[in-house]
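*Asks:* generate coordinates for the sequence data below:
(one chain, ligands or ions: 1)
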Amino acid sequence: MLNYSIDADGIATVEFDYPDKSQNILNAKSLGAYAETMQKALADPAVKGIVIASAKKDFIAGGDLAELGAATDAAAFHAAISGTHKLMRAIELGGKPVAAALNGSALGGGMEIALGCHYRVAADNPKARFGFPEVTLGLLPGAGGTQRVPRLVGMMAAAPLLMEGKRIKVAEAQKIGLIHAVAAVGEERKAARAWVADALAAGTKPLQPWDSKGFKIPGGGPNTPGGMQMLMAANAMLREKTYDNYPAPRHILSCVYEGLSTNLDTGLAIEARYFTNLVMSPVSKNMIRSLFFGMNEANKLASRPAGVPQQKYTKIGMLGAGMMGAGIAMSTATAGIDIVLLDTTQEAADKGKDYARKQWTKQAQRGRMTADAMEVLLARIHPTADYADLKGCELVIEAVFEKREIKADVTKKTEAVIAADAIFASNTSTLPITGLAEASVRPANFIGLHFFSPAEKMPLVEIIVGKATSDATLARSMDYVRAIGKTPIVVNDSRGFYTSRVFGTYVSEGMALLEEGVPPALIDKAGLIAGMPVGPLALADEVSIELVHKIAQQTRADLGSAYVERAADRVAAKMVATLGRLGRKSGAGFYDYPVGGQKHLWPGLAEQFPQKLPAGTQSAGAGDAAILTLDEIVERLIMVQSVETVRCLEEKVLRAPIDADVGAILGWGYPPFRGGPIGWLHTLGPAQAVAALDRLAEQHGPRFTAPKLLRNMATKGERFYPA
Ligand code: NAD
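*Replies:* Below you'll find the model as predicted:
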């Protein structure tokens, strides 16, 4: 765990060396060992000074998220973190100079250990990053970070580090004063030791700035005019951005304000309480589960079928050089893979490549890419109208028009050229894969690879397994998704698959609310307050109301008498067929999009969907039914997604709850603080979730009916995830 040695001059070296891990992490075990070793060193009269170092390539990667995610005993946790604070104060005030030698990255608790030393020297390591990523997982730097960082660098410079989890490089860390010095790589321990030796020679008691006489917070504390102004602005900005859904940044601000208004010891006591509160909160549990463990498992391809050799890709085919095809081509070329970009004419194919050139040129202009690097990427994209060019492709993806006949045609033409074991994938967003595979002579090699728009940026790929898709095809397709740096989730075939189906319920619920007479401004604001990135009506405009209308018509045609008309179908029909308002692309949808101006809600909506005002206020002419409260609207917009997700689990469209949560967050920006549509039900608990759905179903209809799966879980006291 820790290596300990004392040299001839009485300078001890405490070296973190976590067994059987590539990185040092902080948990009860390693912190316990650190406490024991440091107490021994401080008490030993033979030890004059101490150097803290690491035996790994980085210093310390941070706290043990498995341990934090599982912590449920608030009193025990508070006692443990208070113990760490006490230890760090004993080191600071122990009278022996202590220096940290940072050979590589020091993040989270690792940086806090370093901040608890009198001196920090970092190796000039270009890969090293310093910072506090805690806030991105619903936590705060709870080993003194919220107190020591602003006392060291000032509140202004501390804000992006603490509130946004920004990671900085060696030079910036030195510039703002987070570290004292930089040494050549491999010389950092010598430099740390030299500082300790000098301090011993000088004979003065080593002290941290905040323990020294006359200490002042750089740039002023929270109760100076500048500090007050900064905190007020930070508070307002935070609420504007998060609608107060995330307790972590709010608690960090409180720690800074309250803690810096007093001395360090009281500040640490304040921090320990806020930290304990966050560790126990469902928000951090949700974020750690979905954003950390769920995402890591997906990226490690945990659900990849076993026994299939890994596929290396050198040449991919892309059918359709439209919006999606061009984006997928960019992602593929960026991964170092050649891509044949085919469209109906050479001109159309060239247009796809031009899109890539335009996007990359923008990046080059912003200094994110050199002109040479751009040319290398562009050289990998081969636009063509000739199917013969697809020869040798290990995988061909189609993103042509959403029409069965066209997709069948390009499938046949492609299969005539590619090798027998090559994979054919469809990027369809709505057409079931099993049906599309009927056009294929080798349906076992046919699969769905559903990208999101803009494909060059969006991190998720929903992989759809058709009835005939083989395990080998699935495994090899997952290899491609990883090769281009995206995160896959695997789902079984069904109408709308998982993402479009559940995401669609959010949009539809917004449209149902509109038909009920809820003011559109309130609907879209409620979506944002619920934590969604865009309100449902604005989103309908983005994906186009016309598309909602088309899908409704297609579903009606496919299902026949089994089709049940929804409010959203009526609203879409009215907007598109009657009013000709197709969405953003036509400049007119629920919003108006004046050329050169700001979009705003279409004033005509009030007349088309008369608003119902609360009882007692003047009637708008459509009855005086009481308006829904904001909480009721938020609940509907969230629960409608959760209930549909449970149906996907029940119908085995989804294979595991965590796929639902990772897919929702990455696919359509579902709010991470809720964990995901399943994570949210887990947070409520199945019994409370069923009670809420029963109430909603009674008021608003069977789309809210609790699925049997959930009802059974509630009865048996089961949960989706460990409690
Ligand atoms: P698009 O209209 O921008 O591009 C389609 C391209 O396919 C056009 O360039 C067209 O010329 C080409 N094409 C048409 N018929 C062809 C043929 N026979 N051979 C070769 N090329 C042909 O459409 P898009 O938005 O890129 O969507 C393409 C596919 O991706 C659709 O199946 C769509 O459902 C799906 N998809 C779209 C999105 C989205 O947000 N736009 C998201 C996920 C999936």
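*Asks:* tell me which parts of the stretch 251-400 of the chain are close to the ligand?
*Replies:* Residues of the stretch 251-400 of the chain that fall close to the ligand, judged by Cβ under 6 Å from any ligand atom: 319-325, 342-344, 348, 399-400. Every residue, glycine included, has its C-beta placed from N, CA and C.
*Asks:* so, low pLDDT: which residues of the stretch 551-700 of the chain?
*Replies:* For the stretch 551-700 of the chain, residues meeting the criterion pLDDT under 70 lie at 612-626.
*Asks:* flag every residue of it that's near the ligand.
*Replies:* Counting by Cβ under 6 Å from any ligand atom, no residue of the stretch 551-700 of the chain is near the ligand.
*Asks:* ok, back up a step: filter the residues of the stretch 251-400 of the chain next to the ligand down to the buried ones.
*Replies:* For those, a burial check counting by 16 or more other Cβ atoms under 10 Å picks out 319-321, 324-325, 342-343, 348, 399-400.
*Asks:* give the contact list for residue 157.
*Replies:* 176-177, 219 (Cβ atoms under 8 Å, 6 or more residues apart in numbering).
*Asks:* which of these are buried? Put it as a PyMOL command.
*Replies:* Burial among the contacts of residue 157 is assessed by 16+ other Cβ under 10 Å; the matching PyMOL selection reads:
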select buried, resi 176+219
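*Asks:* now pLDDT, secondary structure and distance to residue 560 too, for the contacts of residue 157, in a markdown table please.
*Replies:* Listed next are the contacts of residue 157 as a markdown table, based on pLDDT from 0 to 100; DSSP: H, G, I helix; E, B strand; the rest coil; distance: Cβ to Cβ, whole Å:
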| residue | pLDDT | secondary structure | distance to residue 560 |
| --- | --- | --- | --- |
| 176 | 97 | helix | 67 |
| 177 | 97 | coil | 71 |
| 219 | 94 | coil | 70 |
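*Asks:* with adjacent residues omitted, what lies nearest to the residue in the chain positioned nearest to the ligand?
*Replies:* With Cβ to the nearest ligand atom, the shortest gap between the chain and the ligand falls at residue 322, namely 1.7 Å. Counting by Cβ to Cβ, 6 or more residues apart in numbering, residue 322 lies nearest to residue 399, which is 6.5 Å off, once chain neighbours are set aside.
*Asks:* again, but for residue 344
*Replies:* residue 385 (6.5 Å).
*Asks:* okay, the one you found: pLDDT?
*Replies:* At residue 385, the model reports a pLDDT of 98.
*Asks:* hmm, back to that, ok, the residue of the chain closest to the ligand to residue 586 distance?
*Replies:* Separation of residue 322 from residue 586 (Cβ to Cβ, to the nearest Å): 18 Å.
*Asks:* so what are the domain limits for this protein?
*Replies:* Listed by automatic domain parsing, the domain ranges of the chain are 2-280, 315-493, 500-626.
*Asks:* quick one: which of those domains has the weakest pLDDT on average?
*Replies:* Looking at the domains of the chain, the bottom one is domain 500-626 with a mean of 89.
*Asks:* so which of the buried ones among the residues of the stretch 251-400 of the chain next to the ligand belong to helices?
*Replies:* 324-325, 348 (DSSP state H).
*Asks:* got the domains of the chain as CSV, with distance to residue 295 columns?
*Replies:* Formatted as CSV, these follow (distance: least, Cβ to Cβ, whole Å):
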stretch, distance to residue 295
domain 2-280, 11
domain 315-493, 6
domain 500-626, 18
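*Asks:* so which of the ones you listed is nearest residue 703?
*Replies:* Proximity to residue 703, assessed across the domains of the chain by Cβ to Cβ, is greatest for domain 500-626 (7.6 Å).
*Asks:* show me how far that closest one is from its chain's centre.
*Replies:* Counting by Cα atoms, centre = their mean, to the nearest Å, domain 500-626 is centred 28 Å from the centre of its parent chain.
*Asks:* tell me the secondary structure for the spatially most central residue of the chain?
*Replies:* When Cα atoms, centre = their mean is applied to the chain, the residue found nearest the centroid is residue 291 (5.7 Å). For residue 291, the assignment made with DSSP: H, G, I helix; E, B strand; the rest coil gives helix.
*Asks:* cool, and residue 494?
*Replies:* Applying three-state DSSP: residue 494 is coil.
*Asks:* what of residue 121?
*Replies:* Quick answer, by three-state DSSP: residue 121 is strand.
*Asks:* hang on, it packs against residue 106?
*Replies:* No - judged on Cβ atoms under 8 Å, residue 121 makes no contact with residue 106 at a distance of 11.6 Å.
*Asks:* with that, I have no additional questions.
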